[in-house]
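>>> Structure for the following, please:
(chains A, B, C and D)
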There are 2 protein chains.
Amino acid sequence: MKTNELPLAVSPSPARRRLIDTATRLFYAGGIHAVGIDRIIAEAGVAKATFYSHFPSKDDLVVAYLEEQDRIGRAAVAALPKQPPRRMLAAILGRISTAAVAGDFRGCPFLNAAAEYTDPASPVRRAIDARRAWYHGVLREQLAADGDKTPEVTAALLVALSDGLLEIAYLDDPRSVPALIEAALTRLLPQR
Amino acid sequence: MKTNELPLAVSPSPARRRLIDTATRLFYAGGIHAVGIDRIIAEAGVAKATFYSHFPSKDDLVVAYLEEQDRIGRAAVAALPKQPPRRMLAAILGRISTAAVAGDFRGCPFLNAAAEYTDPASPVRRAIDARRAWYHGVLREQLAADGDKTPEVTAALLVALSDGLLEIAYLDDPRSVPALIEAALTRLLPQR
DNA sequence: TCCTAAACAGACAGGTCTGTCTAGTTGACC
DNA sequence: GGTCAACTAGACAGACCTGTCTGTTTAGGA
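Below is the predicted model of the structure:
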């Protein structure tokens, strides 16, 4: 009764865990096509046969990487303290500021992956779709609770702004992002 | 007196022209790392030695591709009829709608390239920087002419929105973009 | 006619990519 | 002790990558 105490969520083997962690670091920092399997298994300290027993192909590892990022993002939003919709929206968007000022920021992992995967039907693109749909839905819900008369439209604008602010943080000036988020929320949400 | 009549702008050789055109098509549609030199020269009908006499390396072709895209964008904006700032801004942003509804739209070539080039000092990234600085400047000018009290901030918001709407057009629903642009301009520009 | 520049075809080198396979090792549980 | 699953190391195949090089062809101008 000391083992399988927590079989829920299928706690992954250490090798699998190291592979996903290493892939996350290398894919995000270097791009996906630019990072080879050999480098990932070397830095993860995992044999090639072990890698291919966990992931049938490199693309499966890419999907696992994105799903991991997605899981982290959803958990962070779920962990936000319950608060009025406006403050909730500010907190959700505020995560962009946090990421932006952290070192080694290289933009949105999902947008970067989408740039490299051109087939909309590929598993990678579907993982990206799932993330975007979730994010849009979260914003729409908060906007509806806030009494926004067109939550669908406002949510899409906030999705676009989030995408763009991540790009600004990556390519232009990360320090400008917090003020931009504040300005965006002030202007996009109806004044009361 | 029938040759060098127009040495301005250095009219490129036909082979160079075909290389840039083919690279534009293939890089944009397939991603940069995913498209090899062999494929480009084959589809352009150019010998390998000819390619390497025009471009010292593949990255030089990538830069030429982005500079070409930049040139086209700037020409399109320059060709817009002179009109009041608000309408000018709508026309500039409206180019996103046009691109979005065109077939085979795959997002912003500059953002896609940035996802693949991680070194901010690389020539590719500097080409991207130049483009973004130009776009920001154009928007800021129009906003200033419109009497916007914080043209710098509003311009950054419109840059972010442009980036994000291009991603929405690529990854979500292109048909939603025109209405989103209208909504964004209505809400971001001070009411009068 | 000769000369030169540009483009042609295509082999080649040296490296990297994904994915497969063989063979040996470790460690937990019965 | 025996068994089994998961791991390790590393060779290998076959494809593809960038970039170099040799040698040939084409076409225009002096």
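>>> Around DNA strand C, which positions in chain A sit nearby?
A:3, A:35-39, A:48-49, A:52, A:56-59 (CB under 7 Å from any atom of the strand). Any C-beta I mention is one placed from the backbone N, CA and C, and that applies to glycine too.
>>> among the residues you listed, which two are most distant?
A:3 and A:36 (36.1 Å; CB to CB).
>>> the more surrounded of these two?
More crowded of residue A:3 and residue A:36, by other CB atoms under 10 Å in any protein chain shown: residue A:36, with 12 against 6.
>>> tell me the contacts of the nearest residue to residue A:19 once chain neighbours are set aside?
Using CB to CB, 6 or more residues apart in numbering or on different chains and skipping residues adjacent in sequence, the residue nearest residue A:19 is residue A:44, 5.1 Å away. Contact analysis of residue A:44 by CB atoms under 8 Å, 6 or more residues apart in numbering or on different chains lists A:15, A:18, A:19, A:21, A:22, A:23.
>>> For stretch A:115-134, could you pull out the residues that count as buried?
A:115, A:116, A:117, A:118, A:123, A:124, A:125, A:127, A:128, A:131, A:132 (16 or more other CB atoms under 10 Å in any protein chain shown).
>>> Would you mind listing the two of those that lie farthest apart?
Longest span within the buried residues of stretch A:115-134, CB to CB: A:118 and A:131, 17.8 Å.
>>> Please report how far residue A:65 lies from residue B:111.
20 Å (CB to CB, to the nearest Å).
>>> So which bits of chain A are right by DNA strand D?
Chain A has residues A:13, A:14, A:15, A:16, A:45, A:46, A:47, A:48, A:49, A:50, A:53, A:54 near DNA strand D, with proximity defined as CB under 7 Å from any atom of the strand.
>>> can you tell me which two in the residues you listed are farthest apart?
A:14 and A:48 (16.8 Å).
>>> Identify the residue nearest residue A:73 in space, chain neighbours excluded?
Closest to residue A:73 by CB to CB, 6+ apart is residue A:131, at 7.4 Å.
>>> tell me the phi and psi of the one you found?
phi -60, psi -50 (degrees, to the nearest 10).
>>> check contacts around residue A:132.
Residue A:132 sits in contact with A:110, A:159, B:171, B:172, where contact means CB under 8 Å, 6+ apart.
>>> what's the neighbour count on the third one?
By the measure other CB under 10 Å, the count of residues near residue B:171 is 21.
>>> ok, now how distant is it from residue A:111?
Going from residue B:171 to residue A:111 by CB to CB gives 8 Å.
>>> Over to residue A:68?
16 Å.
>>> More neighbours: which of these two?
Between residue A:68 and residue A:111, counting by other CB under 10 Å, residue A:111 is the more crowded of the two (25 against 15).
>>> Smallest gap between chain A and DNA strand C, at which residue?
Of all residues in chain A, residue A:36 sits closest to DNA strand C, at 2.9 Å by CB to the nearest atom of the strand.
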